[in-house]
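Colleague: Pasted the sequence and its predicted model underneath.
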Amino acid sequence: MTTWITICDTCKHEDWDAATGAQIDGEKLADLIEAANDGSVQTRRHSCLMGCDRACNVTIQAEGKLCYSLGNFDATPAAAQAIIDYAKLHQESTAGQVPYRSWPQEIKGHFVSRHPPLPVSK
């Protein structure tokens, strides 16, 4: 199953200032994730994942697997690579569970919620 990283491209940290014309934090993180992705997982952008108190937000999802919401990232190359590395581990797993000992360090402390897989339609 293909694992998807959905990146909120409208996330802004509290200190973001529109007057500076700076790129939005979510856009920066999305650019970094897309640039670092080797194509082994899929990425997509979505406007607002409704985690504004925890900007920057992503979800890790795959059909038939546990899905995760993560947030409170800084838009850094290290964060982007950790998100990709975790998504690859998620993709390799059977049910979407990745042993804690395997998590990239930069992912720890960023999990917001876990969602069960959707039921199979009958």
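Modeller: Looks like it arrived, so ask away. Numbers count the residues shown, from 1 in each chain.

Colleague: Distance of Leu66 relative to Ser113?
Modeller: 11 Å (Cβ to Cβ, to the nearest Å). Bear in mind the C-beta positions are built from the backbone N, C-alpha and C, glycine included.

Colleague: out of the two, which sits in the more crowded spot?
Modeller: Taking neighbours as other Cβ atoms under 10 Å, Leu66 and Ser113 compare with Leu66 leading, 17 against 11.

Colleague: Could you tell me the per-residue confidence at that one?
Modeller: For Leu66, the pLDDT comes out at 97.

Colleague: which residue packs closest to it, ignoring adjacent ones?
Modeller: When the adjacent residues along the chain are set aside, Leu66 lies closest to Gly96, with 3.4 Å between them (Cβ to Cβ, 6 or more residues apart in numbering).

Colleague: what sits against the one you found?
Modeller: Shown in contact with Gly96 (Cβ atoms under 8 Å, 6 or more residues apart in numbering): Ala62, Lys65, Leu66, Cys67, Tyr68, His90, Pro117.

Colleague: make it 7 Å
Modeller: Gly96 makes contact with Ala62, Lys65, Leu66, Cys67, His90 under the criterion Cβ atoms under 7 Å, 6 or more residues apart in numbering.
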